[in-house]
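Peer 1: Here you go, sequence then predicted model.
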Amino acid sequence: MAERKTFLVRLDPSLHEALQRWADADLRSLNAQIEFLLRQALADNGRLPKPKA
C-alpha cells in the first residue's frame, strides 16, 4: 500500500459537524469522507494525478 501523508487541518466547527454527518450517512470515517471529496474535486477539474504503475 502506498505511503500516506499526515497533516493538520483546521475547520470551522459547523463545517466539521456537517462533514461528520455526511460521513456517517455514507458509512465512512471523517478522514475517508474528506479524502473522497478531495479526490472527486480533483477529478472533476482534471487535476487528479495519474496512478503510478
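Peer 2: Yep, it's here.

Peer 1: Report the helix or strand with the lowest average pLDDT across the chain.
Peer 2: Of all the helices and strands that make up the chain, helix 30-44 has the lowest average by mean pLDDT, DSSP states H and E, namely a mean of 96.

Peer 1: so how far is that helix from its chain's centroid?
Peer 2: For helix 30-44, the separation from the chain centroid amounts to 4 Å (computed by C-alpha atoms, centre = their mean, to the nearest Å).

Peer 1: again with stretch 13-26
Peer 2: Worked out by C-alpha atoms, centre = their mean, stretch 13-26 lies 12 Å from the chain centre.

Peer 1: With stretch 12-32 instead?
Peer 2: 10 Å.

Peer 1: list the buried ones in that stretch?
Peer 2: Neighbour-count burial for stretch 12-32, with 16 or more other C-beta atoms under 10 Å as criterion, is recorded at Ala23. Every C-beta, even on glycine, is put in place using the N, C-alpha and C of the backbone.

Peer 1: rewinding a little: and for the least confident helix or strand of the chain, what are the contacting residues?
Peer 2: Val9, His16, Leu19, Gln20, Trp22, Ala23, Asp26, Arg28, Leu48, Pro49 (C-beta atoms under 8 Å, 6 or more residues apart in numbering).

Peer 1: now the second one, nearest residue through space, not along the chain?
Peer 2: When you say that, I think you mean His16. Leaving out its chain neighbours, the residue that sits closest to His16 by C-beta to C-beta, 6 or more residues apart in numbering is Leu30, at 7.9 Å.

Peer 1: related to what we said a few turns ago, in the least confident helix or strand of the chain, which residues are buried?
Peer 2: Under 16+ other C-beta under 10 Å, the buried positions of helix 30-44 are Gln33, Ile34.

Peer 1: returning to what we had before: so which of the contacts of helix 30-44 belong to helices?
Peer 2: Among the contacts of helix 30-44, the members falling in helices (DSSP state H) are His16, Leu19, Gln20, Trp22, Ala23.

Peer 1: and the second one, what is it in contact with?
Peer 2: So that's Leu19. Contacts of Leu19 by C-beta under 8 Å, 6+ apart are Leu11, Leu30, Gln33, Ile34.

Peer 1: Turn those residues into a markdown table, including distance to Ala41.
Peer 2: What follows is those, written out as a markdown table (distance: C-beta to C-beta, whole Å):
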| residue | distance to Ala41 |
| --- | --- |
| Leu11 | 16 |
| Leu30 | 17 |
| Gln33 | 13 |
| Ile34 | 11 |
